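Peer 1: please work out how this folds:
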Amino acid sequence: MKYRLNKAEKVPVTLYNVAKTREYNGKPIVTYRNQHRFVPGEVYETDDEAMLEWFRTYKRKVRYNSDLAKTLTEAGVPFELEMCRSCGGKVKKISYQIIEVYDE
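Peer 2: Residues are numbered from 1 along each chain as shown. Next up is the predicted model:
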């Protein structure tokens, strides 16, 4: 399977605590203390199902910005608006998937 940064990202991004399958005493285990740096426009490939599942479920959550919402809409990246529960909905946040996983 292949994966890459979504089309709205224009600068390199480093993600931390990425899931990865490794061998330990001859048995596969999933570790989470891994980091991965992504460059916009570059396509990566892996067979690691734990890593792919982590990419599919990971969403970046940032404070609402109308410019970011416009950029995501123009790039065709789906996003969700979330209201902050702890402050009673005064702060809006945008949640979107930063990594696209696809099969060609």
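Peer 1: let me see the contact set for the residue lying farthest from the centre of the chain.
Peer 2: Residue farthest from the centre of the chain, counting by C-alpha atoms, centre = their mean, is residue 25 at 30.6 Å. Neighbour list for residue 25: empty [criterion: C-beta atoms under 8 Å, 6 or more residues apart in numbering]. The way it works is simple: take the backbone N, C-alpha and C, and place the C-beta from them, glycine included.
Peer 1: if I look at residue 5, how far off is residue 34?
Peer 2: Separation of residue 5 from residue 34 (C-beta to C-beta, to the nearest Å) stands at 17 Å.
Peer 1: now swap in residue 61 and tell me
Peer 2: Distance from residue 61 to residue 34, counting by C-beta to C-beta: 21 Å.
Peer 1: neighbour-wise, which of those two wins?
Peer 2: A direct count of neighbours by other C-beta atoms under 10 Å for residue 61 and residue 34 places residue 34 higher, at 14 against 10.
Peer 1: that one contacts residue 20, correct?
Peer 2: Yes: between residue 34 and residue 20 there is a contact under C-beta atoms under 8 Å: 4.6 Å.
Peer 1: so what sits opposite residue 102 in the bridge?
Peer 2: Residues in a beta bridge with residue 102, per DSSP bridges, are residue 2.
Peer 1: okay, residue 96: pLDDT?
Peer 2: Per-residue pLDDT puts residue 96 at 96.
Peer 1: where's it relative to residue 45, distance?
Peer 2: Look at residue 96 and residue 45: by C-beta to C-beta, they are 23 Å apart.
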